[in-house]
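Trainee: Give me a 3D structure for the following:
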Amino acid sequence: MFKAIYLTRDEEKNVSAEIADLDEADLPERNVAIDVEYSTINYKDGLAIMGKPGVVRTYPMVPGIDLAGTVASSESPDYEVGDKVVLNGWEVGETHWGGLAQKSRLDADWLVPIPEAFTTQQAMAIGTAGYTAMLCVLAIEEHGVTPDSGPILVTGASGGVGSTAVAILAKLGFEVVASTGRPEESSYLTDLGAAEIIDRNELGEENSRPLQKTRWAGAVDAVGSHTLANALAQTDSNGCVAACGLAQGADLKTSVMPFILRGVTLVGVNSVYEPYARRKHAWDRMAADLDPAKLEQMTEVVGLSDAVNVASEILQGQVRGRVVVDVNA
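Mentor: A predicted model of the protein is given here:
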C-alpha cells in the first residue's frame, strides 16, 4: 500500500481530493516502477486538484505532472534499480496516474536521468516550471539573442517559470527585466538576478498599437493574452519571444506587424512532449546554468497532506517560486 492524493468525481461532476491508501496492484501497467521521493505543485496541478475542467481526462486520478525518485524495478534496458530519475509531462497526472504519490509506474521513454549536480529534491524544485523556463532560454539562445543584444523581459516573474527564468538568464549574463503583479516580491526577484522590476500593468492592458517603442531583445512569457501581445509589440528587430503560459488568458490580439516589419519570432514552448534528446539537453544545461543557491531561495517544501491547500493558493496567485512536495512526509 502507498499514500497518494486521489481525485474522484461524482455523477454531478463534482471533484473530491483526499489523501488515500492505494494498492500497488492498482498502478497502471508500465515498464519502470519508481519509489517517488518528491513531487511538486504546478499551476496545472492546482487546476486538477481543485476540480477545474480541462486537465484531468479520466477519473479516478492521482494528480502530479512531475516526480523525482529512485527506480524500484525495471523491464527497460535504459534503467536499473537504484537509478535516480525525473519525470515531466507526457500527460502524467492527466490521463495517467501522476507524481503526488509514494509509488508510480511509468514508461521508460518518459524519464530522464537526474544530473549528478542535483538531488531528487532539487530536481523537483526545478520541476516542469524550471524545465520549461530552460526550454524558453534555449529557444532565445538558438535564435541568436545574446546578452549583448539587450534586455530580456520575463513576465509572471514571481511564479515558478518566471523565477527560474530570471535566475538562469541572470547567470548567463543577460540584463533581466522582471514583470510582476506583486511589488512585495521585488527584493526576491532582485536577489534572483533581475536588474529591473516593472509592474505587470505596464504590459497587461489591451493596446491597439501593433508596434510600440522597442524595449526588449527577447522575452520569456508565461502570461499570454494582452501581456504577450504587448511584449511582441515592444520587441526589437530580429528578437525572439518564447511563450509557454496563459495565466492572463489564452487569447492573443495582435497583428502580423511585429513579425513582418521587425522580424520578431514567436516561439511556442510545449514541455509536455519534447523528445528525449531535447529534455536531456535542457536538464544538462540546468545543471550548468542554474545556481543551486538561487534554487533553494525560490523553494518551499511541504508534505503530501499540505499539497491540497497549496493547490488552492497557486490558483489565487499566492505562491511564490516553487513548492516541492515531500510525498513521504
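
Trainee: what are the phi and psi values for the closest residue to Val269 other than its chain neighbours?
Mentor: Leaving aside its sequence neighbours, Val269 sits nearest to Cys244 (CB to CB, 6 or more residues apart in numbering; 4.2 Å). Heads up, the C-betas are built off the backbone N, CA and C, glycines and all. When read as degrees, to the nearest 10, the backbone of Cys244 gives phi -140, psi 0.

Trainee: before we move on, what about Leu153?
Mentor: phi -90, psi 140.

Trainee: Just the helices from the chain, written as ranges.
Mentor: Assigned helices in the chain, in chain order: 43-49, 120-142, 160-171, 186-192, 201-204, 225-233, 257-261, 276-289, 292-297, 307-315 (criterion: DSSP state H).

Trainee: now for those, which one comes closest to Asp326?
Mentor: helix 120-142 (7.7 Å; CB to CB).

Trainee: buried set for that closest one?
Mentor: 120-141 (16 or more other CB atoms under 10 Å).

Trainee: With only the CA atoms kept, save that helix in PDB.
Mentor: The C-alpha trace of helix 120-142 is given here as PDB (Å, rounded to 0.1, in the frame of the first residue of the first chain):
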ATOM      1  CA  THR A 120      15.800  14.400  -6.200                       C
ATOM      2  CA  GLN A 121      14.500  17.300  -4.000                       C
ATOM      3  CA  GLN A 122      16.400  19.900  -6.200                       C
ATOM      4  CA  ALA A 123      15.000  18.200  -9.300                       C
ATOM      5  CA  MET A 124      11.500  18.900  -8.100                       C
ATOM      6  CA  ALA A 125      12.500  22.400  -7.100                       C
ATOM      7  CA  ILE A 126      13.100  22.800 -10.800                       C
ATOM      8  CA  GLY A 127      10.200  20.600 -11.900                       C
ATOM      9  CA  THR A 128       8.200  21.300 -15.100                       C
ATOM     10  CA  ALA A 129       8.200  25.000 -14.300                       C
ATOM     11  CA  GLY A 130      12.000  25.200 -14.300                       C
ATOM     12  CA  TYR A 131      12.400  22.800 -17.100                       C
ATOM     13  CA  THR A 132      10.000  24.900 -19.200                       C
ATOM     14  CA  ALA A 133      12.000  28.000 -18.300                       C
ATOM     15  CA  MET A 134      15.100  26.400 -19.600                       C
ATOM     16  CA  LEU A 135      13.400  25.400 -22.900                       C
ATOM     17  CA  CYS A 136      12.400  29.000 -23.300                       C
ATOM     18  CA  VAL A 137      16.000  30.200 -22.700                       C
ATOM     19  CA  LEU A 138      17.300  27.600 -25.200                       C
ATOM     20  CA  ALA A 139      14.800  29.000 -27.800                       C
ATOM     21  CA  ILE A 140      16.000  32.500 -27.200                       C
ATOM     22  CA  GLU A 141      19.700  31.500 -27.500                       C
ATOM     23  CA  GLU A 142      19.100  29.400 -30.600                       C
END
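
Trainee: What's the mean pLDDT across it?
Mentor: Helix 120-142 shows an average pLDDT of 97 in the prediction.

Trainee: so what are the domain limits for this structure?
Mentor: Domain segmentation of the chain under automatic domain parsing yields 2-114+298-326, 128-268.

Trainee: Mind putting these into TSV with distance to Asp284?
Mentor: Shown next, in TSV, are the domains of the chain (distance: least, CB to CB, whole Å):
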stretch	distance to Asp284
domain 2-114+298-326	9
domain 128-268	10
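
Trainee: Just say which of those domains is most tucked in.
Mentor: domain 128-268 (a mean of 21; mean count of other CB atoms under 10 Å).

Trainee: lowest-confidence helix or strand of this protein?
Mentor: helix 292-297 (a mean of 90; mean pLDDT, DSSP states H and E).

Trainee: Which positions within that helix qualify as buried?
Mentor: Neighbour count says helix 292-297 has Lys294, Leu295 buried, by 16+ other CB under 10 Å.

Trainee: circling back: list just the one of the domains of the chain that sits closest to Ala282.
Mentor: The nearest among those, by CB to CB, is domain 128-268 at 4.5 Å.

Trainee: That closest one: how far from the chain's middle?
Mentor: Remark: domain 128-268 is offset 15 Å from the chain centroid, using CA atoms, centre = their mean, to the nearest Å.

Trainee: Look at that domain and report the distance between its end residues.
Mentor: Start-to-end span of domain 128-268 (CA to CA, to the nearest Å) is 15 Å.
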